[in-house]
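S.K.: Generate a structure from the sequence data that follows.
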Amino acid sequence: MLLLAVFTLASCASAPSNDPEALTEYSKINDPAEPTNRFIFGFNQGLDKAIIKPVTALYRAIFPDVVRNGVHNFLNNLKTPVVLANDILQGEAERAGDTVIRFAINSTVGIAGFRDQAADWGWEPHEEDFGQTLAVWGVGEGPYIMLPLFGPSNPRDAIGKVVDFFLDPINWWAENSDNDWVPLTRTLINGIDTRDQLWDVLDDLEKSSIDFYAAIRSLYRQRRNEDISNGTGSKNNETPNFSDNFELDDPSDQPADNSSKIVSGKNSGTAK
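M.R.: Numbering: from 1, shown residues only. All right, here's what the predicted structure looks like:
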């Protein structure tokens with residue numbers, strides 16, 4: 001994944017230095033390797049239509065909502081050690097406490113995490129990963145990149161995915177006990193679950209977008225800034241590599257009216 005990021009960055013087009021307006025737009029989009037990224041996006045779309053979406057459709061047809069939600073909750077509960085580690089690395093003591101409480105409740109009363117009992121009792125879930133931790137530490141996102149299978153990303157988040165893999169104790173156990181099938185199986189199930197969760201969102205976005213690639217790019221940035229700022233918005237994520245006039249809500253990079261509504265529906269929280 002990191003090698004691909006380096007390759008993608010090496011193929012970046014040079015900024016249009018002779019046209020101030022074009023240079024401003026180039027900086028806003030922050031996608032210097034757009035031709036390469038669009039090619040990879042097309043590959044991902046083909047893979048989705050040929051394999052991932054049909055498999056997910058079968059999964060949705062066989063299992064009712066209650067079962068699929070249980071699987072989703074179980075997978076989220078398994079991510080607790082990684083979320084907790086990043087809570088601590090970001091100095092978020094209160095959120096770290098919430099993470100511990102959620103894990104204790106959901107692993108017991110929640111029947112191994114298949115039921116999100118903690119949310120019903122007022123402890124709402126939150127996402128943390130090492131990409132967010134790097135952002136909180138002041139590391140800039142770098143240029144936008146599209147990864148095969150993994151989808152939208154940037155160098156900071158790509159590194160974060162690698163670190164999170166090594167932070168996960170399940171991966172340690174699998175490596176030390178010769179159960180290499182566990183991370184692979186978990187990754188496959190996570191992929192199907194993610195596609196299931198995004199089923200309606202992606203379908204609606206693709207139907208309503210003039211440029212689906214640009215829509216995904218915009219949506220990804222907005223969501224990541226919401227995650228990093230704990231729901232306070234992109235203006236509170238002033239990390240390096242964001243231009244002074246960079247705004248995720250810029251109309252020129254918005255796919256359709258409903259994409260912003262999708263993002264604005266994310267849970268809110270306290271600013272880091």
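S.K.: And for the residue nearest to the spatial centre of the chain, nearest residue in space, chain neighbours not counted?
M.R.: Against the mean C-alpha coordinate of the chain, by Cα atoms, centre = their mean, the closest residue is Arg224 at 6.6 Å. Counting by Cβ to Cβ, 6 or more residues apart in numbering, Asp157 is the residue found nearest to Arg224 once chain neighbours are left out, at 7.1 Å. In short, each C-beta sits where N, CA and C put it, glycine included.
S.K.: hang on, the earlier thing: regarding the residue nearest to the centre of the chain, what is its secondary structure?
M.R.: Under DSSP: H, G, I helix; E, B strand; the rest coil, Arg224 falls in the helix class.
S.K.: Roughly how far does it sit from Ala135?
M.R.: Per Cβ to Cβ, to the nearest Å, Arg224 is found 8 Å from Ala135.
S.K.: any shared contact partners between these two?
M.R.: Residues touching both Arg224 and Ala135 (Cβ atoms under 8 Å, 6 or more residues apart in numbering) are Glu141.
S.K.: tell me which residues of whichever strand or helix holds Leu202 are tucked away?
M.R.: Taking DSSP states H and E as the criterion, Leu202 maps to helix 199-208. Using 16 or more other Cβ atoms under 10 Å as the test for burial, helix 199-208 gives 202, 205.
S.K.: any idea of the mean pLDDT in that helix?
M.R.: Average pLDDT, helix 199-208: 94.
S.K.: Look up the closest residue to Asn76, ignoring the ones flanking it.
M.R.: Here the residue nearest Asn76, using Cβ to Cβ, 6+ apart, is Pro125, at 6.4 Å.
S.K.: Am I right that that neighbour sits in a strand?
M.R.: No - residue state for Pro125 (three-state DSSP) corresponds to coil; a strand is not indicated.
S.K.: Contacts only, for it.
M.R.: Contacts of Pro125 (Cβ under 8 Å, 6+ apart): 76, 102, 116, 118-119.
S.K.: ok, now with 10 Å
M.R.: Pro125 sits next to 73, 76-77, 79-80, 83, 98-99, 102, 106, 116, 118-119, 267 when contact means Cβ atoms under 10 Å, 6 or more residues apart in numbering.
S.K.: Among those, which one sits closest to Pro35?
M.R.: Lys79 (34.4 Å; Cβ to Cβ).
S.K.: hmm, back to that, same list, the contacts of Pro125, but as CSV with distance to Glu34 and pLDDT please.
M.R.: Listed next are the contacts of Pro125 as CSV, based on distance: Cβ to Cβ, whole Å; pLDDT from 0 to 100:
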residue, distance to Glu34, pLDDT
Asn73, 37, 97
Asn76, 33, 96
Asn77, 38, 97
Lys79, 32, 96
Thr80, 37, 97
Val83, 33, 97
Asp98, 39, 96
Thr99, 37, 97
Arg102, 40, 97
Asn106, 41, 97
Asp116, 39, 96
Ala118, 42, 97
Ala119, 39, 96
Asn267, 31, 40
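S.K.: Sort out which of the residues you listed are in helices and list them.
M.R.: 73, 76-77, 80, 83, 98-99, 102, 106, 118-119 (DSSP state H).
S.K.: The nearest residue in space to Ile105 that is not next to it in sequence: how many residues sit nearby?
M.R.: Spatial nearest neighbour of Ile105, excluding adjacent residues (Cβ to Cβ, 6+ apart): Ala118 at 4.2 Å. Under the neighbour criterion other Cβ atoms under 10 Å, Ala118 is assigned a count of 24.
S.K.: Could you double-check that Ala118 sits in contact with Ile101?
M.R.: Yes - checked against Cβ atoms under 10 Å, the pair Ala118 and Ile101 is within contact range at 6.7 Å.
S.K.: Hmm, Ile159 is touching Ala135, no?
M.R.: No - using Cβ under 10 Å, Ile159 is not in contact with Ala135, being 11.4 Å away.
S.K.: the more surrounded of those two?
M.R.: A count of neighbours by other Cβ under 10 Å puts Ala135 above the other of Ile159 and Ala135, at 25 against 19.
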